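A.B. asks: Build me a model:
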Amino acid sequence: MPRRTRIHLDGIPLHIVQRGHNREPCFFAEDDYTSYLHWLSEALAETECALHAYVLMTNHVHLLLTPKKAAAVPRLLMSLGRRYVQYINRSYKRTGPLWDSRYKSSVIQADNYLLTCKRYIELNPLRAAMVDDPAHYRWTSYRANALGQADARLTPHLVYLALGRDERERQAAYRALFRAQLDRAAIDEIRLALNQSQPLGNARFLARIEKVTGMRREARPRGRPRVAANNVATARQERLVE
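C.D. replies: The predicted model follows:
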């Protein structure tokens with residue numbers, strides 16, 4: 001079955017996930033995280049992409065960004081990947097692939113889904129049972145978006161800016177979004193769109209994407225519904241999925 005063509009559009013937010021090869025780790029020490037973020041900053045500047053949220057997990061990365069030009073997205077990931085993989089291979093005297101060959105992505109309807117997607121990304125460490133508060137995880141955008149910690153990599157989206165009249169109001173409103181759990185339906189919807197490289201949005205947004213691309217684009221569950229997993233399997237899945 002042919003792979004779906006990724007959708008990258010000028011000025012439309014894009015949720016990206018890149019996994020370690022065979023789900024193996026891609027970060028091994030603190031210096032690895034800081035090095036990745038350094039080259040991410042350089043790649044963002046080179047490609048004129050605006051980053052809104054991110055999380056660096058042990059074996060995968062999430063980015064939520066808006067490209068000024070759609071063609072810049074592959075260039076950003078190639079530039080970032082080349083520098084980081086060279087650094088890892090040199091530092092750990094290793095060879096072979098570090099990342100899966102294809103990153104996954106999903107264009108996001110900003111008005112309806114951008115904040116939900118940010119919560120999904122920044123709550124990854126909680127779903128993996130690594131911390132009990134998103135503020136306790138260092139390698140994420142949460143502290144900047146919710147607490148005002150300086151992070152020059154980030155560019156606030158208009159949807160985020162609309163949360164309040166000033167930084168204090170916006171940060172308080174953003175923290176309030178995290179008081180409730182992200183519901184299972186929202187998590188499943190985001191994951192399905194990512195895994196199928198499909199848009200995430202309402203019917204009007206999907207129709208807009210279809211008009212631009214000339215193809216019907218809608219994430220659909222595959223096959224017969226699966227039987228609900230038991231608690232042990234569900235807990236294990238939360239540690240593995242993105």
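
A.B. asks: can you pull the contacts of Asp10?
C.D. replies: For Asp10, the contact set (CB atoms under 8 Å, 6 or more residues apart in numbering) comprises Pro67, Lys68, Lys69, Ala70. In this view, the C-beta of every residue, glycine as well, is placed from N, C-alpha and C.

A.B. asks: Separate out the buried members of the residues you listed.
C.D. replies: Pro67, Ala70 (16 or more other CB atoms under 10 Å).

A.B. asks: Of the contacts of Asp10, which pair is most distant in space?
C.D. replies: Lys68 and Ala70 (8.9 Å; CB to CB).

A.B. asks: distance between the ends of stretch 6-26?
C.D. replies: Terminal residues of stretch 6-26 are spaced 23 Å apart (CA to CA, to the nearest Å).

A.B. asks: try stretch 21-33
C.D. replies: 17 Å.

A.B. asks: any chance you could map the helices in the chain?
C.D. replies: Secondary structure of the chain, counting by DSSP state H: helices at 30-47, 72-92, 110-122, 124-127, 142-147, 158-161, 167-177, 184-195, 203-213, 231-240.

A.B. asks: As a markdown table, these with mean pLDDT would be great.
C.D. replies: Below are the helices of the chain laid out as a markdown table (pLDDT from 0 to 100):
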| stretch | mean pLDDT |
| --- | --- |
| helix 30-47 | 98 |
| helix 72-92 | 96 |
| helix 110-122 | 97 |
| helix 124-127 | 96 |
| helix 142-147 | 98 |
| helix 158-161 | 98 |
| helix 167-177 | 98 |
| helix 184-195 | 95 |
| helix 203-213 | 90 |
| helix 231-240 | 43 |
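
A.B. asks: Nearest to Arg23 among these would be which one?
C.D. replies: Closest among those, using CB to CB: helix 231-240, at 7.0 Å.

A.B. asks: ok so, going back, nearest to Asn22, of the helices of the chain?
C.D. replies: helix 231-240 (12.1 Å).

A.B. asks: Report the buried residues of stretch 92-112.
C.D. replies: Leu98, Trp99, Asp100, Tyr103, Lys104, Ser105, Ser106, Val107, Ile108, Gln109, Ala110.

A.B. asks: oh sorry, the question was meant for stretch 10-19
C.D. replies: Neighbour counts using 16+ other CB under 10 Å place Ile12, Pro13, Leu14, His15, Ile16, Val17, Gln18, Arg19 of stretch 10-19 among the buried residues.

A.B. asks: Pick the one among those residues closest to Ala150.
C.D. replies: Pro13 (22.6 Å).
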